[in-house]
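Peer 1: Sequence plus the predicted model coming up.
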Amino acid sequence: MKTLKNHLILYDAECPMCNLYTRAFTTTGMLDPNGRAPYQDMPEFACPLVDKKRSVDAIALIDSSTGEVRYGIDSLFAIIGSSFPIFKPLFANKAFHWAMRKLYAFISYNRKVIIPAPKTAAPGNQPSFKLRYRLAWLLFTAMIAGGILTAYTKLFTGWVPTGNPWREYAICGGQILFQGAIVTAIAPAKKWDYLGNMMTISLAGALLLLPMLATATLLHLSPLIPTAYFVLVVALMLLEHLRRTKLLSLNPTLTITWIFYRLVVLYIVI
């Protein structure tokens with residue numbers, strides 16, 4: 001595997017995902033051992049070369065021998081293509097490049113709601129807000145969570161009435177609208193950050209249901225077991241909701257209304 005020498009990648013030190021994959025580049029030899037640095041501590045030699053704001057939105061890769069700077073998916077393609085030349089024709093394909101650029105932006109602009117930054121994070125080190133990517137995140141998480149819950153509720157037969165195929169999607173969408181109205185009244189400036197975090201919690205909770213869904217399907221478990229597991233997952237989601245609203249310095253009312261919405265839905269369904 002060839003090392004891309006004389007290159008420095010600038011990553012977000014407050015983003016665990018960025019930290020993980022850039023560290024993988026250096027530990028596997030795709031970059032030099034000192035080939036990465038946080039953009040929060042941007043090296044002096046990089047300052048005149050790098051567009052600071054752009055590097056916050058899209059990870060920057062600096063060629064220290066030529067001064068060339070790549071951003072976002074082009075940075076990743078340069079590193080991976082150097083170590084695995086077999087992928088270069090794929091990376092050069094315009095359709096694939098466009099799709100990966102959109103996927104990269106989708107993750108990058110939502111990374112702080114996927115894994116929230118600490119309170120101490122400087123505003124200038126936060127990615128730009130792009131409404132279309134946040135709306136895409138809300139839609140994506142609602143569809144995944146709704147799909148998993150639709151399958152999981154079939155395990156409640158005898159405990160909870162089976163609804164129509166769109167019930168769980170409607171519940172997820174209703175939660176966005178209901179909590180969106182509450183947060184708009186309480187803290188409108190943080191509306192989209194809160195909703196992004198809230199739906200990340202919903203997505204995480206739905207993914208936690210998958211092991212039990214598979215187990216119950218294979219072993220034909222009593223409805224009591226998947227129901228108890230579901231209650232445990234909801235409890236974990238509640239704790240995570242409390243943690244994230246605290247990180248966002250938001251009113252505890254949002255957790256109360258989050259619980260209220262779920263209790264009302266449960267009452268209606270039953």
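Peer 2: Ah, there it is.

Peer 1: for the least confident helix or strand in the chain by mean pLDDT, which positions count as buried?
Peer 2: Lowest on mean pLDDT, DSSP states H and E among the helices and strands of the chain sits helix 52-57, with a mean of 85. Neighbour counts over helix 52-57 (16 or more other Cβ atoms under 10 Å) mark 55, 56, 57 as buried. Backbone N, C-alpha and C define where each C-beta goes, glycine included.

Peer 1: closest to residue 66 among those?
Peer 2: Closest approach between these and residue 66, by Cβ to Cβ: residue 55, at 17.4 Å.

Peer 1: Point out where the stretch 151-270 of the chain drops to low pLDDT.
Peer 2: In the predicted model of the stretch 151-270 of the chain, residues 157-163, 270 satisfy pLDDT under 70.

Peer 1: What of the stretch 1-150 of the chain?
Peer 2: In the stretch 1-150 of the chain, residues with pLDDT under 70: 43-48, 118-124.

Peer 1: Helices of that one, residue ranges please.
Peer 2: 16-27, 52-57, 73-83, 88-92, 94-108, 111-114, 131-152 (DSSP state H, counting those that start in this stretch).

Peer 1: now those in JSON lines, with distance to residue 186?
Peer 2: JSON lines is the format used below for the helices of the stretch 1-150 of the chain (distance: least, Cβ to Cβ, whole Å):
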{"stretch": "helix 16-27", "distance to residue 186": "28"}
{"stretch": "helix 52-57", "distance to residue 186": "28"}
{"stretch": "helix 73-83", "distance to residue 186": "37"}
{"stretch": "helix 88-92", "distance to residue 186": "45"}
{"stretch": "helix 94-108", "distance to residue 186": "28"}
{"stretch": "helix 111-114", "distance to residue 186": "18"}
{"stretch": "helix 131-152", "distance to residue 186": "18"}
